[in-house]
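Student: Below: sequence and its predicted model.
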Amino acid sequence: MRVLTNFLDVFRKVRLKLSMDAFGNPNTTQVTRNVAVAKPEVESTGVQTITKQHKINVVENAYTKPPRQRMWTNKSLVEIESNKGPGPGDTESLWHNIKRVLLMCGGRKRPGGIEDEERIEDSCLLVDVLEAQRFVSQVFAAMDVPAQAASEMADALIAADYMGQRSMGIHRLPAIAADLLNCTVVGSATPTIVSELQAIALVDGHNAPGPVVANYCMDLALQKAREVGVGWVTARQSNCIGMASWYACQALEQRMIGLCMTNGAPTLVPCGGVEPILGENPIACAASGAHEQFLADFGMGACSVEELELSYCNGWSKTVPKLVALDSDGRETTSTAEALRAQRIRAFQPEYKGFGLAAMVDILCGVMSGARYANLLQRRGVYSADNEPADLGQVYVAIDPMRFCSTFEDRLGDFHRILRQAMPSKEGKGPLVPGDKELNHMKMVDEQGGLRMPPCTLCVLAELAEKFGIKPLKMKEISQDPVASNYKDLQIA
């Protein structure tokens, strides 16, 4: 628990230090709504002290289009693949590396070339966690996202890389950038409360970035849980939130149980079917005791599309196991490229139950919230001629376990002790408890001195730095003595 709460505190302090108000949208009128959300008091950062209460800003006219002229408006997949587009001198030309990576993510372009070169050149390079947060925050801010929202979006991506869910980390930056540039997501929007009672609330995300909606809703759920023991907040008109456990973990610092679930674009085929009907629809749950923590985060697919994208783009794997994916004709396939083109993933085994769990999440998140659901949601893919908002539905729950059992933390510790005492399959190596993998990965990142960046992601980050005039991402060489590691600017031609 201490590792995760310290990580949350560090990002909260960094958010104050990285003042980027110059990138904000001056045309958006903001009104302060007095929704008091308690935050743990932390020490002064030297710039500003985080207080116990903060206010949540609500933006009027949240659908106002940002002033920046977008570069990817209404580009169809056919136009992208055929390089059909603006003529010479047109400022709406597509960016080469981002376009190339997104085509690879769709299985429509083979990886290789510059990725192979960068894999050799940068195989021993790392980026510090806070340096990565700085860079990604500035990228989002340069795309007309307000400073606070830009930092929240960066937090979600960096946290995924830090906790070991790399497919939900910086790898997703090209797709998010495309959504912002297409105005599919309104970077300047903020959520508002549609209706609420003492323990529940319905929130309209106004098509704001997913992490912005998620943080707003989780703060509101925690506030209600402090008052009445349970807070249940449902959101509609939201977008992809990234790693669901990032938001569930925010309950740990207040000694509560956190739950987060979301529906998603249809990629999951039903048992006995070939058409994608539901999203992978992940659920995350986090709880902590005095010395132990529980953390579970899983989608309902046999393998997530994001994992396939990450693996394929970087040339790590060109095949998938059996019983994972179907091709465009509905036949079983072991080709990663075919699986990415078709976007038809099977649920985890037993398939009937995996799909049933995805359906349960969609009922709670989509049907009950007033958001879109099932195949009413737009299919995955960045280049949509319609450019419609995603309108995802989500649920955020906070529970104060002490209202039910005053010895919860001791009992959770005993529960973990029982799990760890199970007979191991390999001598000298105990069984893994949910949450161990994340903590082990965080420890590994700390010990090696930073995050390893996938080759194709490095190319995109360099291009973003050049286009927006942002200070390049600083990398450091791996050294046996982490203190002696020398930083150097990342320069990619």
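Tutor: That came through fine.

Student: When you work out contacts or count neighbours from here on, use the C-alpha atoms and nothing else.
Tutor: OK.

Student: For whatever helix or strand Phe140 lives in, which residues meet the burial criterion?
Tutor: Using DSSP states H and E, Phe140 sits in helix 129-142. Counting neighbours by 16 or more other Cα atoms under 10 Å, one finds that the buried residues in helix 129-142 are 129, 132-142.

Student: Just to check, Ala244 is in contact with Ile283?
Tutor: Yes. Counting by Cα atoms under 8 Å, Ala244 sits close enough to Ile283 to count as a contact (6.9 Å).

Student: joint contacts of these two?
Tutor: Listed as contacting both Ala244 and Ile283 by Cα atoms under 8 Å, 6 or more residues apart in numbering are 260-262, 297.

Student: biggest helix in the protein by residues?
Tutor: If you go by DSSP state H, the chain has its longest helix at helix 210-228.

Student: Give me the residues contacting that helix.
Tutor: So helix 210-228 is contacted by 36-38, 56, 149, 152-153, 156, 190-191, 198-200, 203, 205, 230-235, 238-242, 247-248, 250-251, 396-400 (Cα under 8 Å, 6+ apart).

Student: need the next SSE after that helix, C-terminal direction.
Tutor: Sequence-wise, the next helix or strand downstream of helix 210-228 (DSSP H and E) is strand 230-238.

Student: how about the helices of the stretch 201-350 of the chain, start to end?
Tutor: With helices called from DSSP state H, counting those that start in this stretch, the stretch 201-350 of the chain shows them at 210-228, 245-248, 305-313, 336-342.

Student: In terms of mean pLDDT, which of those ranks lowest?
Tutor: Ranked by mean pLDDT, the helices of the stretch 201-350 of the chain end with helix 305-313 at the bottom, a mean of 83.

Student: for stretch 163-183, what is the average pLDDT?
Tutor: For stretch 163-183, the mean pLDDT works out to 86.

Student: try stretch 397-404
Tutor: Looking at stretch 397-404 alone, the average pLDDT works out to 97.

Student: Can you list the buried residues in it?
Tutor: 397-401.

Student: rewinding a little: looking at Ala244 and Ile283, which is more packed in?
Tutor: Between Ala244 and Ile283, counting by other Cα atoms under 10 Å, Ala244 is the more crowded of the two (28 against 23).

Student: Next, work out how far apart that one and Leu326 are.
Tutor: If you measure Ala244 against Leu326 using Cα to Cα, to the nearest Å, the figure is 26 Å.

Student: Repeat that for Leu458.
Tutor: Leu458 is 31 Å from Leu326, by Cα to Cα.

Student: Which one's more surrounded, the two?
Tutor: Using other Cα under 10 Å as the criterion, Leu458 and Leu326 rank with Leu326 on top: 26 against 23.

Student: Once you drop chain neighbours, what's closest to that one?
Tutor: Nearest-residue entry for Leu326: Glu332, 4.5 Å, with adjacent residues in sequence omitted and distances by Cα to Cα, 6 or more residues apart in numbering.

Student: Mind pulling up the pLDDT for the one you found?
Tutor: With respect to pLDDT, Glu332 scores 92.

Student: In the stretch 351-493 of the chain, where is pLDDT below threshold?
Tutor: Filtered on pLDDT under 70, the stretch 351-493 of the chain yields the residue ranges 380-387, 478-493.

Student: Now do the strands in it.
Tutor: With strands called from DSSP state E, counting those that start in this stretch, the stretch 351-493 of the chain shows them at 392-399, 474-477, 487-489.

Student: Just tell me which of those strands ends up closest to Cys303.
Tutor: Cys303 lies closest, by Cα to Cα, to one member of the strands of the stretch 351-493 of the chain: strand 392-399, at 20.9 Å.

Student: name the helices or strands packed onto that closest one?
Tutor: If you count contacts as 3 or more Cα pairs under 8 Å, 6 or more residues apart in numbering; DSSP states H and E, strand 392-399 packs onto helix 210-228, strand 230-238, strand 257-262.

Student: and Gln421, how many neighbours?
Tutor: So Gln421, with other Cα under 10 Å, has 10 neighbours.

Student: Likewise for Tyr352?
Tutor: Residues near Tyr352, counting by other Cα under 10 Å, number 14.

Student: so who does it touch?
Tutor: Counted by Cα under 8 Å, 6+ apart, Tyr352 has contacts 270-271.

Student: Can you tell me how far Thr267 is from Asn314?
Tutor: Counting by Cα to Cα, the gap from Thr267 to Asn314 is 22 Å.

Student: One more: Val136?
Tutor: Distance from Val136 to Asn314, counting by Cα to Cα: 20 Å.

Student: Ok, Met243 next?
Tutor: Met243 is 21 Å from Asn314, by Cα to Cα.

Student: When those two are compared, which one has more neighbours?
Tutor: Met243 (26 against 20).

Student: from what I can see that one touches Ile158, true?
Tutor: No. If you go by Cα under 8 Å, Met243 and Ile158 don't touch, sitting 10.1 Å apart.

Student: how about the helices in the stretch 51-200 of the chain?
Tutor: Secondary structure of the stretch 51-200 of the chain by DSSP H, counting those that start in this stretch: the helices cover 77-81, 96-105, 114-121, 129-142, 147-162, 173-181.

Student: Lowest average pLDDT across those?
Tutor: Set side by side, the helices of the stretch 51-200 of the chain give their lowest mean pLDDT on helix 77-81, at a mean of 40.

Student: what about the strands of the stretch 351-493 of the chain, which gets the closest to Glu438?
Tutor: Nearest to Glu438 among those is strand 392-399; the distance by Cα to Cα comes to 21.0 Å.

Student: now the closest one and strand 257-262, what's the angle there?
Tutor: When axes from the mean of the first three to the mean of the last three Cα atoms, to 10 degrees is applied, the directions of strand 392-399 and strand 257-262 differ by 170 degrees.
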